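Peer 1: build me a structure from this.
(chains A and B)
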Amino acid sequence: MDALTKWMSTPEAKKIATSAQENAWKALQQQYPRADRRKFQIPVMFSKNHTAKAEVFFIGPSDISSSVFGSDKRYWSPEMKTALGLGDVNGFPYQLTPLKTKTLLAIPAVDFTQPAASIKTLFANLIAIYVTPDSFFTVQFREIFEETRLKHNSATE
Amino acid sequence: MKYWPQQLNFAVFCATQGCGISREIFDSGVTLPEQIRAFYKFHVYFTIKRILLQMGGIQSVSALPGDPTFNPSGNKYDIASYKRICAEFGIPPTADFRFTGGKNHGLGSVYIGVTGHGPTKTGTAWPGGPYKFSDEGGRASKGNLLYFMKPEDRPQYDWFAPNKSAGLTKVGRARINESIEAFVYCILGAQVNVRSSIIGEGGRAKEAQTEFLTLMESAITQPDLAKSVQRYQLAVDEAKVRLNLAVAPMA
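Peer 2: Residues are numbered from 1 along each chain as shown, chains lettered A, B, ... in the order given. Below is the predicted model of the structure:
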């Protein structure tokens, strides 16, 4: 066992490791305050001069870990976004929830895999127009919820 | 934002979440008199169309499906007007209204052209796969030509209306006031113009109901309806027939 490995088991090394883990977690929390720590691991790496460096990893399905700061946000899985607190808030995507924000929200955090009720169906039927509390007539509004499935034939579109 | 589905996402977002209106109002999730529930439906539709129109600026360059100038992949809009609407609803103009669900961030499944078989769907996600459009250098001879991409049948705007809401927002109350004005204008105006009650199955009532839709389209384009409502109220005073209108007396 070399000196570094021996030193790593000392209380001093454990204290440095814990401190590095806490700092790494604080750095993550500054960007993602709603992150769930139970979903992450923070391994520590020691260098020869007895300093420690910690990095936060998300533990995904099948125990596949991905570095939070070392991976491309655009390809994060819905599970990872949820663990970072970027998932759904009160039934609405987190990214668009905070009105009046001046901060540019970096990623589309919407979990679009969840089902959503159809607005098109709502307005495709006859709409009741109540003229008094108990008398109404029905009208059909002009259809506007259409042509949203666009076929792309070239990269320039 | 020239992409029509994205414009619709934005308009749906403003009319629902921006105003503080959620699906609960439509699907009986909250207890409401039917008159109020029906009015909220009118408000959402009216506001969506008005925002789409307002995005066109003073020259009304925006277009809806069916209009001659409508182009779903390059639908014109006025950037200054868009930013003004964003400011009204407190949305950063850089906010992302793209739909990123489904295959290839909503662009859809990749189809390649296979000789003798026609377009064939692949499971490869673009740009992860080797496929390219012809204007990107893709060639059938090299086995990498992308024929077209087509999304699944899932309307993306549905995701931009919230399931729950914390109540009406400040801007939502202002927009709802506009909708109430428009509603009154359309109901009174239709009956005054046709000189008939709007309730019933008779020819004159049906004519008034058609007039209601016509007036609604014109109300969407009018920035200030207060004067028109006053004009119709004067006409109502002189009306020789019984006119129907009671806006939420129980609210």
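
Peer 1: how about the helices in chain A?
Peer 2: A:3-8, A:11-31, A:78-83, A:119-124 (DSSP state H).

Peer 1: check contacts around the closest residue to residue A:126 other than its chain neighbours.
Peer 2: Using CB to CB, 6 or more residues apart in numbering or on different chains and skipping the chain neighbours, the partner closest in space to residue A:126 is residue A:138 (4.0 Å). C-beta coordinates here come from the backbone N, C-alpha and C atoms, glycine included. By CB atoms under 8 Å, 6 or more residues apart in numbering or on different chains, the contact set of residue A:138 is A:126, A:127, A:128, A:129.

Peer 1: burial check on the closest residue to chain A within the stretch 151-251 of chain B, number of neighbours?
Peer 2: Distance from chain A to each residue of the stretch 151-251 of chain B (CB to the nearest CB) is smallest for residue B:163, at 2.7 Å. The number of residues packed near residue B:163 is 16, by other CB atoms under 10 Å in any protein chain shown.

Peer 1: for the contacts of residue A:138, pick the one with the most neighbours.
Peer 2: Most neighbours among the contacts of residue A:138, by other CB under 10 Å: residue A:129, with 25 neighbours.

Peer 1: tell me the spacing between that one and chain B.
Peer 2: Separation of residue A:129 from chain B (CB to the nearest CB, to the nearest Å): 7 Å.

Peer 1: bridged to that residue, which residues?
Peer 2: Residue A:129 has the following beta-bridge partners by DSSP bridges: residue A:137.

Peer 1: I'd assumed residue B:38 was in contact with it.
Peer 2: Yes. Counting by CB atoms under 8 Å, residue A:129 does reach residue B:38; the two are 6.7 Å apart.

Peer 1: and for those two, which residues touch both?
Peer 2: Contact with both residue A:129 and residue B:38 is made by residues residue A:136, according to CB under 8 Å, 6+ apart.

Peer 1: and stretch A:68-87, does that touch chain B?
Peer 2: No. Figure legend: stretch A:68-87 not in contact with chain B (CB under 8 Å from any CB of the partner chain); closest approach 8.6 Å.

Peer 1: quick one on the thing from earlier: deepest of the helices of chain A, which one?
Peer 2: helix A:78-83 (a mean of 20; mean count of other CB atoms under 10 Å in any protein chain shown).

Peer 1: SS state for the residue of the stretch 151-251 of chain B closest to chain A?
Peer 2: For residue B:163, the assignment made with DSSP: H, G, I helix; E, B strand; the rest coil gives coil.

Peer 1: what's the closest non-adjacent residue to the residue of chain A most remote from its centre?
Peer 2: Distance to the chain centre peaks in chain A at residue A:135, reaching 47.2 Å (criterion: CA atoms, centre = their mean). Excluding its sequence neighbours, the residue lying closest to residue A:135 (CB to CB, 6+ apart) is residue B:199, at 5.1 Å.

Peer 1: residue B:185: neighbour count?
Peer 2: So residue B:185, with other CB under 10 Å, has 24 neighbours.

Peer 1: try residue B:148
Peer 2: 16.

Peer 1: do the one 3 residues further on as well
Peer 2: By other CB under 10 Å, the residues close to residue B:151 number 23.

Peer 1: now do residue A:33
Peer 2: 9.

Peer 1: what about it, distance to chain B?
Peer 2: From residue A:33 to chain B the distance is 19 Å (CB to the nearest CB).

Peer 1: over to residue A:43?
Peer 2: Distance, residue A:43 to chain B, by CB to the nearest CB: 28 Å.

Peer 1: is it true that that residue touches residue A:57?
Peer 2: Yes. Counting by CB under 8 Å, residue A:57 is a contact partner of residue A:43 at 6.8 Å.
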